[in-house]
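[1] sequence below, structure please.
(chains A and B)
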Amino acid sequence: MSSDASARKDPSGLAGQPGGLTAWGRLVAWGPYRALADFTTASPRRQFVILAAFPILWVLTQHLGPMLQMLRVSLTDAYPVAQGVEQSFTLDNYLRFFGDRIFWMPFFRTLAFAGVFTFCTLILTYPVAYFLARHVSRRNQMLMLLLLLVPFWVGEIVRTYAIMILLGNTGAVNLVLKWLGLIDRPIPFMYTSFSMGVGIVYLTALYMLLPLYSALEKLPKSYNEAAADLGAGAWTRFRRVTLPLTLEGISSGCTLVFLISTGFYATPVLLGGPSTTVFAETIAGFFHVAGDEWPTGAAFATIMFLAALLITGVFQRVMRGLRKGDTG
Amino acid sequence: MIRGNRIFLSCAYWAFVLYVFVPLILMVMMGFKDSKFIGFPIRSWTLDWYSGVFADAEVLSTFGYSIAIAVLSTIASVVVGTWIAVLLERSRFKGWGVMFGLTVLPALVPGIISAIAFRIYARYLGIEPGMGAIIWAHAVHNVPFVVLVVMARLSTLPKSQIEAARDLGADPLVAFLRITLPYLVPAILGASIFCLLLSFDDFVRSFFLGGYDPTLPVLIFAKLKSGMSPEINAIATVALVLTAAIGIWAERFTRRANKDTN
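    Model (predicted):
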């Protein structure tokens, strides 16, 4: 720290003069450092190995490791292993999912909800992104985007709670509807798929908005003007020019939002009810009740992850096909 | 026609602004309600819930606990993330794509699955549930965000500056410390703030990896499950003000820093 500060006072010394006036110069001239530097930079190959060793080790053990360990546990009959008991390989945890219909409902509900909520988010945020990218001056664009970012810094739980207050029986929406004389008795929004949808869209909207905004912002205005000169109406211009050229943004936004939506745990617990149990709650159950259910939980989490990856993979392929079809 | 479009789009924007702000504003208002009962209308107002929060040792220590976790996990994420970013941006090697894919993996795994995987791996590594486990999980989960932000900044650093330093006799480490690192400061600061917020706000990983002490989101969740109360609103509002203030300050700071160096 102190050597850094003293070096900053002396702007002239980059590598240090002979005689070592600057801290940097002293460091470079210092015997052990010299030896270390000479050793590490002896060849480009060695230099690369030293730069790359830690990152490669990190991603293998920390990023890939947890996923592989989850997969391994999902294929065993007991985890954590009790003393003196042999752990053996089994597919039972997977068969348990396919064998019991009780698990299918939350599973397919999660995927269907995630799909529907992703679509809702897209419909909701596309006009917003379009407005920001197309109809707002450069200076105001950043400010108006920032205005939308602020609420998204607030955490998942706090925002879920905010939705509970909005939609509760004595919540703001019911109060306004009553004031307007539209209802006598409060509408029970809470603990339904509706309240869950409002909450999840609220949490994920930003992940859709930003890719859409950057795709729309990159699109030159002249394309639309050219189409207009050629006689295309507003709807045709949107359908034939803007939409095809922002498919990439739509594709990445939807993929991100879909993956995030399948992973929510607290929001469905707080906003949903017994009729909206999602697979995350099923998975979590295996980790709360008893330790020996861990392998089943791991297998269910693996099934969920593979299904989500498969769906987003197919979706991206379809979108890529659409893109090629339109430009070719 | 165009005018009509414009009006429709501007309505869509402002409606969206309402959608993202109104729930939070209502949530904040409810924390000032002079009644235990959550619901509208609010007839009388009080600051009691706030004085209660600031007098509650458990809540205050939870704030401290969450902040400590956020700071420590952020330091780890930033160091590792910057290192990986330098590797990915500076060299094209065989398997670069695989390395990049593995780097962003933790950010793409859905929340519950990521939490479960960390929980299992923590046990495998012998990390007890608690502060260390949460810090570790947050650190790993946040690395991809640091990598992406730092890589973006690094790609705009002129190679000639490094070459000039090397020509003048700086070895790679000195060139990194004196040229690259100062240039990366705005990106690193921006990424740090983002990590701080991600960690401070995270629920699912903290919930599955936590010991007996709750982090702030876990505490709010537990209180919510046993019933709504304006006390929760007061706690949530303090958290909201904290995160929003940090976010706004960081936004302004990184923008100014970017302007200065460009």
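[2] when you work out contacts or count neighbours from here on, use the C-alpha atoms and nothing else.
    Noted.
[3] would you tell me what the next helix or strand after the helix or strand bottoming out on mean pLDDT in chain A is?
    In chain A, the helix or strand scored least confidently by mean pLDDT, DSSP states H and E is helix A:2-9, which has a mean of 44. Using DSSP states H and E, the next helix or strand after helix A:2-9 towards the C-terminus is helix A:23-29.
[4] which element is encountered next along the chain beyond that following helix?
    Next element after helix A:23-29 (DSSP H and E): helix A:31-40.
[5] now the next helix or strand after that following helix: average pLDDT?
    Counting by DSSP H and E, the next helix or strand C-terminal to helix A:31-40 is helix A:44-58. Mean pLDDT, computed over helix A:44-58, is 89.
[6] how far does helix A:44-58 sit from its chain's centre?
    29 Å (CA atoms, centre = their mean, to the nearest Å).
[7] need the contact list for residue A:135.
    Each residue near residue A:135 by CA atoms under 8 Å, 6 or more residues apart in numbering or on different chains is listed here: residue B:6.
[8] what does the stretch 151-262 of chain B put close to chain A?
    Residues of the stretch 151-262 of chain B lying close to chain A (CA under 8 Å from any CA of the partner chain) are B:165, B:168-174, B:178, B:197-198, B:200-204, B:217, B:220-221, B:225, B:236, B:239-240, B:243-244, B:247-248.
[9] buried subset of those, written for PyMOL?
    Selection of buried members from those for PyMOL, criterion 16 or more other CA atoms under 10 Å in any protein chain shown:
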select buried, chain B and resi 165+170+171+172+174+178+197+198+200+201+202+203+204+217+220+221+236+239+240+243+244+247
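[10] helices - which of the residues of the stretch 151-262 of chain B next to chain A land there?
    If you go by DSSP state H, those have B:165, B:172-174, B:197-198, B:200-201, B:204, B:217, B:220-221, B:225, B:236, B:239-240, B:243-244, B:247-248 in helices.
[11] for the host helix or strand of residue A:280, name the packing helices and strands.
    Counting by DSSP H and E, the element that carries residue A:280 is helix A:279-288. Identification of packing neighbours for helix A:279-288 by 3 or more CA pairs under 8 Å, 6 or more residues apart in numbering or on different chains; DSSP states H and E yields helix A:104-135, helix A:294-327.
[12] quick one, phi psi at the residue in the stretch 201-328 of chain A that chain B sits nearest to?
    The minimum distance from the stretch 201-328 of chain A to chain B, using CA to the nearest CA, falls at residue A:263 (4.2 Å). Per-residue torsions, residue A:263: phi -100, psi 0 (degrees, to the nearest 10).
[13] okay, it: pLDDT?
    Reported pLDDT for residue A:263: 93.
[14] which parts of chain A belong to which domain?
    A:22-54, A:93-327 (automatic domain parsing).
[15] what's the span of the shortest one from first residue to last?
    End-to-end distance for domain A:22-54, by CA to CA, to the nearest Å: 31 Å.
[16] what residues sit buried inside it?
    Applying 16+ other CA under 10 Å to domain A:22-54 flags A:22-29, A:37, A:40-41, A:51-52 as buried.
[17] right, I'll call it a day here.
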